[in-house]
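Q: what's the 3D shape of this:
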Amino acid sequence: MVRMQETGSLRGICRWYVYALHGLLCEIIFTSSWDFATTCSWKLSGVSSVWAFFIYGTAIFIIEKMFLHLQTRCHLWCRCLIYTLWAYLWEFSTGYILKALDACPWDYSHFSGNIMGLITMEYAVPWFFGCMIVEQVVIKNTLKLQLTQDGNPKKHKEI
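A: Below you'll find the predicted structure:
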């Protein structure tokens, strides 16, 4: 069981930054893979938006809080379902606000399972497994990162 107060992990803003970078990178990889699958172009053109940095950083930071609260209360599959519902709620909410400002970088209107063009049910399985990777790999490893008093990474003994 991971407890933040016991790990001495990075400050919240540093973890948020790691999560934001992870989300932005994953979006670029996903869109470039999608581009390749639909065009067979080896350019691997991935796209994102500067909004994605804030959106992913905040979403994963909140998933971290959910993980710390739920890890002993429910099974991994149940947690990932909760995270997926959160991801949809967050994507819809931020998309709705950005659409009102004429700044929403995504549009799922061409998908049959879309809601207002802001989310699509067709991405439920990728979101679910993406959330599983976020918890099992990104969050758990980010919580292990530590800095010393002088701000340098903590050195571990070689085995």
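Q: now do the lengthiest helix in the chain: distance to the chain's middle.
A: Of all segments of type helix in the chain, defined using DSSP state H, the longest is helix 12-39. Helix 12-39 sits 8 Å away from the centroid of its parent chain (CA atoms, centre = their mean, to the nearest Å).
Q: which parts of that helix are buried?
A: For helix 12-39, burial by neighbour count (16 or more other CB atoms under 10 Å) applies to 15-20, 22-24, 26-28, 30-32, 35. Where C-beta positions appear, they are placed from N, C-alpha and C, glycine not excepted.
Q: low pLDDT regions in the chain?
A: Within the chain, the stretches with pLDDT under 70 are 1-8, 148-159.
Q: 90 instead, please
A: Under the criterion pLDDT under 90, the flagged ranges of the chain are 1-11, 34, 145-159.
Q: for it, which segments are assigned as helices?
A: With DSSP H, the ranges of helices along the chain come out as 4-7, 12-39, 50-70, 76-100, 124-133, 140-144.
Q: distance of W90 from D35?
A: As judged by CB to CB, to the nearest Å, W90 and D35 stand 24 Å apart.
Q: scratch that, F129 is what I was asking about
A: In this view, F129 and D35 are 20 Å apart by CB to CB.
Q: what separation do you get for S41 and S49?
A: For S41 relative to S49 (CB to CB), the value is 21 Å.
Q: G117: which of the helices of the chain is closest?
A: Each of these has some distance to G117 by CB to CB; the shortest is helix 76-100, at 8.0 Å.
Q: flag every buried residue along the closest one.
A: Going by neighbour count (16+ other CB under 10 Å), the buried part of helix 76-100 is 79-80, 82-84, 86-88, 90-91, 94-95, 98.
Q: now for it, which elements pack on it?
A: The helices and strands touching helix 76-100, judged by 3 or more CB pairs under 8 Å, 6 or more residues apart in numbering; DSSP states H and E, are helix 50-70, strand 119-120, helix 124-133.
Q: one more pass at 10 Å, please.
A: In terms of contacts (3 or more CB pairs under 10 Å, 6 or more residues apart in numbering; DSSP states H and E), helix 76-100 is packed against helix 50-70, strand 114-115, strand 119-120, helix 124-133.
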